[in-house]
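K.L.:
Turn this into a structure:
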Amino acid sequence: MYKMVWSFIALCGLSLHVAANEIELSISDEIIDLRFAVSYEQDFSGTFALLHADHNDVKSDQVSYTFATRGTIDRVDITLGTRLFLLGVDSDDGFGAALGIGANTNIMGKVFVTGEVFYAPEIITGGDFDSTLDAELRLCYQLIENGLLYIGYRQFEVDSKKSGKQDIYEDPFIGIKFTF
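P.N.:
All right, here's what the predicted structure looks like:
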């Protein structure tokens, strides 16, 4: 039953690519993260993401939707968001709503840095999980007008009721992002 729910959500999310303003793909030897972002009115956006990781013999899959708003303080773009997720880690399954903050700033010319942290405490996490933490930092280069390349570092961990603390992913990655 749970696999049917995952499949349904994945198919619904993949239909978002028709309306997506941004598509990005992050990869390494142990992770693939595909995201479709849609910009709404008044600085709001939504991002549907599919993640698969096989890090240190811990296999995991996540389907998530992040709803965020953004503003600017000095030269730094600040983002506040909520990420709703379904997560499977080995034999543990769970869901939740992570609260997040992010920042984006231009270093020079076509080079900028982005970072974000999403945390879901026990009170808004269910299933087999007590909490989740997902943090990433990226160094981006605007290669062409509608495309950029990036390298990053991500730490994604869960605290499970059955298996204790597990690292879903904790390593560097590379990626590409297209804006329409």
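K.L.:
Where do the helices of this protein begin and end?
P.N.:
2-14 (DSSP state H).
K.L.:
tell me the centre residue of this protein?
P.N.:
By CA atoms, centre = their mean, the chain has its centre lying nearest to A49, at 6.3 Å.
K.L.:
Run through the residues that contact that one.
P.N.:
A49 makes contacts with 33-36, 62-66, as judged by CB atoms under 8 Å, 6 or more residues apart in numbering. Every C-beta, even on glycine, is put in place using the N, C-alpha and C of the backbone.
K.L.:
ok, 10 Å please
P.N.:
The neighbours of A49, taking CB atoms under 10 Å, 6 or more residues apart in numbering as the test, are 13, 24, 26, 33-37, 62-66, 83, 85.
K.L.:
now swap in T79 and tell me
P.N.:
43, 45, 66, 68-71, 100-104, 114-116.
K.L.:
Now do it, the pLDDT please.
P.N.:
On pLDDT, T79 comes in at 97.
K.L.:
cool, and K3?
P.N.:
Confidence score, pLDDT, at K3: 53.
K.L.:
again, but for the one 5 residues further on
P.N.:
Here, the pLDDT recorded for F8 equals 52.
K.L.:
which ones are touching the nearest residue in space to G147 that is not next to it in sequence?
P.N.:
In space, and not counting its chain neighbours, G147 is closest to F178: 5.3 Å by CB to CB, 6 or more residues apart in numbering. Going by CB under 10 Å, 6+ apart, F178 touches 20-25, 144, 146-148.
K.L.:
make it 8 Å
P.N.:
Taking CB under 8 Å, 6+ apart, one finds 22-24, 146-147 in contact with F178.
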